[in-house]
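>>> Give me a model of this one.
(one chain, ligands or ions: 2)
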Amino acid sequence: MSVIQACNVTKQYKIDNITINALSDINLEIEAGEFVAIKGPSGSGKSTLLHLLGCVDRPSSGDIFINHKNTSNLSAGELVRLRLMQIGFVFQQFYLLPALTAFENVELPMREAWLPKKERKKLTLDLLDSMGLVDRAKHMPSQLSGGEQQRVAIARALANNPAIIVADEPTGELDSANGERILEIFESINQKSGQTILVVSHDEYVTSRAHRIIHLKDGRIVE
Ligand SMILES: Nc1ncnc2c1ncn2[C@@H]1O[C@H](COP(=O)(O)OP(=O)(O)OP(=O)(O)O)[C@@H](O)[C@H]1O
Ligand SMILES: [Mg+2]
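Numbers count the residues shown, from 1 in each chain. Ligands and ions are numbered 1, 2, ... in the order given. As a prediction, the model looks like this:
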């Protein structure tokens, strides 16, 4: 059964009078429990595609279905709810909230989902621990290295145990040992609990583990 489906999706960005066709004629289907990698040159539309599939942004035309539900019909509020409970997103630029500590950043999605405080605390510490970051819990994002911020962003994406994890270059800032640790976490949640993983990466050790690779070029799927 497909968890994510894109039908005739396009995305244009308009700046002044100039239109950029970031994505054209995208059709794809991702099955529950798949681990899919997206590859392509810089500017080929990878982040744009992830944002649409992860319901962070909407297509200019075409439809995105999540669990067979057409997201075009959802209000902004319904989309936020869907994302909160079903999709964990790791942004290429992390987007940690600068005024919150590492702990509070990871805890936030669980707070928004009204998880009781005691449970939140345990889960947040477990997530930070799995990222090797317990001793950085009280640091503000500005007091963390790039790789540490990236791991906080990944921990935050795993809060609320989402069925779909969407990650944009999640190992871009990491050394090979930490990259390997992230991969093992992704693989284990993919294998043990069947979570669907969608990841943009240039790293061979990431893409070699994917079940399938989608190649993008100039905003289109190739091959
Ligand atoms: N908000 C925006 N407004 C205007 N143009 C944009 C916007 N976001 C992306 N673009 C353009 O759309 C195209 C695709 O961008 P996108 O970020 O999806 O590429 P990418 O494949 O993720 O690249 P990279 O590997 O460098 O991260 C690029 O030409 C980019 O300049
Ligand atoms: Mg990108």
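
>>> For the rest of this, base every contact and every neighbour count on C-alpha atoms.
Fine.

>>> Tell me the confidence at the closest residue in space to I66 that isn't next to it in sequence?
Leaving aside its chain neighbours, I66 sits nearest to I4 (4.8 Å; criterion: C-alpha to C-alpha, 6 or more residues apart in numbering). Residue-level confidence at I4 comes out at 98, pLDDT.

>>> beta partners for I4?
Residues found in beta-bridge contact with I4 (criterion: DSSP bridges) are I30, I66.

>>> doesn't L53 make contact with it?
Yes - counting by C-alpha atoms under 8 Å, I4 touches L53, with 7.0 Å between them.

>>> can you list residues touching both of these two?
Residues within reach of I4 and of L53 at once, by C-alpha atoms under 8 Å, 6 or more residues apart in numbering, are I64.

>>> circling back to that earlier point, separation between the residue nearest to I66 and ligand 1?
18 Å (C-alpha to the nearest ligand atom, to the nearest Å).

>>> Tell me how many other residues crowd that residue.
Close neighbours of I4, defined as other C-alpha atoms under 10 Å, add up to 21.

>>> interface residues of this protein facing ligand 1?
Residues of the chain lying near ligand 1 by C-alpha under 6 Å from any ligand atom: 13, 22, 41-48.

>>> Now do the end-to-end distance for stretch 38-58.
Stretch 38-58 has an end-to-end distance of 19 Å (C-alpha to C-alpha, to the nearest Å).

>>> let me redo that: stretch 23-38
14 Å.

>>> and what of stretch 39-56?
Terminal residues of stretch 39-56 lie 20 Å apart, using C-alpha to C-alpha.

>>> Could you do stretch 28-36 as well?
11 Å.

>>> Name the residues that touch that stretch?
1-7, 190-191, 194-199, 210-214.

>>> Take those and keep only those in helices.
Judged by DSSP state H, the subset of the contacts of stretch 28-36 located in helices is 190-191.

>>> Select only the buried ones of the contacts of stretch 28-36 in PyMOL?
Here is the PyMOL command that selects the buried residues among those (16 or more other C-alpha atoms under 10 Å):
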select buried, resi 3+4+5+6+190+194+195+196+197+198+199+210+213
